[in-house]
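K.L.:
Here is the input, now give the coordinates:
(one chain, ligands or ions: 1)
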Amino acid sequence: MAGKKELDALVAAAKKARANAYSPYSKVKIGAAVLTSSGEIYTGANIENASYGLSCCAERTAIFKAVSEGARKIVAIAVVGKSEDFTKPCGACRQVMVEFNPKMKVLRRGVDGFSEDGTAGSLLPEHFKPDELARG
Ligand code: ZN
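P.N.:
As a prediction, this is how the structure comes out:
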């Protein structure tokens, strides 16, 4: 289980990653960082595209970086935005989070001081579960 020191470092990494957001259209900057079960941290920022539908959120950028490097269980994710509204993961990100651990801690932080902790499962209670595919 991740301790306070690790989680503080995770939030700091997400804040730092926010500076790398590529958001020339919305100007919204989001940073994310994930902590894997082996203790590694991977960061991400939102990446927009002139063809808007191709944009990717900070949360999925960070998760996909971790998974593509071999991680399979993510213990926690920190999401940092300007204020509360900008720390709410979208539905797609919530589904991706639960794939890699429904009990994943979700630390939402606003640079305005907003702070809320939850879990991926609580953000998407009726999520589609991997084992449901086997029963399909
Ligand atoms: Zn998203």
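K.L.:
Contact partners for Pro24?
P.N.:
Glu48 (Cβ atoms under 8 Å, 6 or more residues apart in numbering). For glycine as for every other residue, the C-beta is placed from the backbone atoms N, C-alpha and C.
K.L.:
Spell out which residues of this structure are next to the ion.
P.N.:
Applying Cβ under 5 Å from the ion, we find that the chain lies next to the ion at Cys57, Cys90, Cys93.
K.L.:
Report the buried members of these.
P.N.:
Cys57, Cys93 (16 or more other Cβ atoms under 10 Å).
K.L.:
which helix is the longest one in this protein?
P.N.:
helix 4-18 (DSSP state H).
K.L.:
what about dumping the CA coordinates of whichever helix or strand comes after it to CSV?
P.N.:
Going down the chain from helix 4-18, the next helix or strand is strand 31-36, by DSSP states H and E. Provided in CSV are the C-alpha atoms of strand 31-36 (Å, rounded to 0.1, in the frame of the first residue of the first chain):
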residue,chain,number,x,y,z
GLY,A,31,-1.3,16.6,-15.5
ALA,A,32,-1.5,13.0,-14.3
ALA,A,33,0.8,10.5,-12.6
VAL,A,34,0.3,6.9,-11.9
LEU,A,35,2.0,4.7,-9.2
THR,A,36,2.4,1.1,-10.2
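K.L.:
How far away from the center of its chain is stretch 58-66?
P.N.:
7 Å (Cα atoms, centre = their mean, to the nearest Å).
K.L.:
ok, back up a step: please tabulate the residues of the chain next to the ion in a markdown table, including the columns pLDDT.
P.N.:
A markdown table is the format used below for the residues of the chain next to the ion (pLDDT from 0 to 100):
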| residue | pLDDT |
| --- | --- |
| Cys57 | 98 |
| Cys90 | 97 |
| Cys93 | 98 |
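K.L.:
Switch the residues of the chain next to the ion over to CSV; also include secondary structure.
P.N.:
Below are those laid out as CSV (DSSP: H, G, I helix; E, B strand; the rest coil):
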residue, secondary structure
Cys57, coil
Cys90, coil
Cys93, helix
